[in-house]
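> Sequence plus the predicted model coming up.
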Amino acid sequence: MSDSEYYDDEWESSDTESEKSYSSEERSDEWSDEDEPILTDIQTQLIGTIEQELDHPIHSDIPENEDEYDEQIMQELLLEEDEDEDPQTMPPVTQTMPPVSTDIQFDKPKDQYGEFSNLWDISNQKSRYKNELKLKLDGRNWSSVEEYFQSQKYVTLGETGTKYIDFIRAANTQNKKMALGNQKSGRIGGSKLDPKVPAYDAFTIGTVIRSFKDAGLKPRSDWKTVKLAVLTKAITAKFTQNDDLKSVLLSTGDKQIKQQGSKDDNQLGIILMNLRARLRTAPVPIMTAPSSSLLVTRDDAESDRDFEIRKAFSERAYILLSANGLDQPGAILVGRCYLNMAKTPGVSYDKQITDIIDYVKANI
């Protein structure tokens, strides 16, 4: 965000306050109710003349409906983020299912299939879903895929990054979270972080972004490399942690899922279709092994690091999938296979094991 954009936000805000300072007496000196129809006729004639000369109608860029304006800002922020991306540095997403003839279109969170949008607020759906929805990743609850995605840009940047993530999480709308994550305030620079929280009364989106940018904060250097994996992880968690949302995804059958206006070859839609295929065709199997104890013992000559990795993965697999039939020795076997795959590129196991490993990796 340039300095001129920032000060424009401040200047517009001060103008608004100046307009409010006019008293009713001052306005009454300038015109009366009887004069208003004349002024309206003059304005109408003037606008008509200008429209004729310009050969197109004059209209306002700001919708009368505040919700539409909010959605318009969201779309502008999304476009700004797309424009910043270098297509050559964004790893491609490979579609793993054949194309079909009919489409599922999604765009805004309030539309049909709004659940597929990263901006869909999972924490504010009590009127729509009876079951409590959640999105828990890295030991924390998140309000949306977008909030988690934007926060991960700064997760490796020490104390300053952690403080900035706190501001992203504190913002009370998803488009504010997106603006903070992209470090571009646009026309919402003067908006407060959360008007309902007195502690944030002094913070606007513009001032937060400016202060952290002045301190040298910018997204992590490997962001373009890891962003697709981060997005896939968050989407997978969203639809596997909530049966209601999983049902919505599976209800689309074999139809193509497409994000309207996508400029990245519909990567979000492809991630959703790939996840749908895994959820439909790869139920978690029941695995058995000779032992019945989850006591993970160290192998001969196994390093401390390898043992800790294998033990942690086995325990996570059991926590996630024991209710689906994965027994304790099966979880130990999964941990061993995961370690072997990590240390020996090219080694493979049957689909039952790899499906479980992929699921656990997406929910670590």
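Perfect, thanks for sending it. Residues are numbered from 1 along each chain as shown.

> Could you pull out the helices in the chain for me?
Secondary structure of the chain by DSSP state H: the helices cover 3-20, 24-30, 36-54, 66-84, 145-151, 158-170, 174-182, 205-214, 223-240, 243-250, 267-281, 304-321, 328-343, 351-362.

> Against which helices or strands is the fifth one packed?
Looking back up the chat, that one is helix 145-151. Helices and strands touching helix 145-151, by 3 or more C-beta pairs under 8 Å, 6 or more residues apart in numbering; DSSP states H and E, are helix 158-170, helix 174-182, helix 223-240. Where C-beta positions appear, they are placed from N, C-alpha and C, glycine not excepted.

> what comes up buried for the last one?
In this case it means helix 223-240. 224, 227-228, 230-240 (16 or more other C-beta atoms under 10 Å).

> now do stretch 108-126
Applying 16+ other C-beta under 10 Å to stretch 108-126 flags 108-109, 113-122, 125 as buried.

> can I get the helices and strands packed on helix 145-151 in a markdown table with distance to residue 247 and mean pLDDT?
A markdown table is the format used below for the helices and strands packed on helix 145-151 (distance: least, C-beta to C-beta, whole Å; pLDDT from 0 to 100):
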| stretch | distance to residue 247 | mean pLDDT |
| --- | --- | --- |
| helix 158-170 | 28 | 95 |
| helix 174-182 | 23 | 96 |
| helix 223-240 | 9 | 93 |
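
> Same list (those helices) but as CSV, adding distance to residue 309.
Shown next, in CSV, are the helices and strands packed on helix 145-151 (distance: least, C-beta to C-beta, whole Å):
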stretch, distance to residue 309
helix 158-170, 25
helix 174-182, 31
helix 223-240, 18
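
> quick one: which of those helices is nearest residue 253?
Minimum separation from residue 253 across the helices and strands packed on helix 145-151 (C-beta to C-beta) falls at helix 223-240, 15.4 Å.

> relative to helix 304-321, how tilted is the closest one?
40 degrees (axes from the mean of the first three to the mean of the last three C-alpha atoms, to 10 degrees).

> by contact count, what packs against helix 223-240?
Partner elements for helix 223-240 (3+ C-beta pairs under 8 Å, 6+ apart): strand 136-137, helix 145-151, helix 243-250, helix 267-281, helix 351-362.

> Confidence-wise, which of those is weakest overall?
Ranked by mean pLDDT, the helices and strands packed on helix 223-240 end with helix 351-362 at the bottom, a mean of 83.

> Tell me how far the closest residue to residue 302 other than its chain neighbours lies from residue 333.
Excluding its sequence neighbours, the residue lying closest to residue 302 (C-beta to C-beta, 6 or more residues apart in numbering) is residue 310, at 7.9 Å. From residue 310 across to residue 333, the span is 10 Å (C-beta to C-beta, to the nearest Å).
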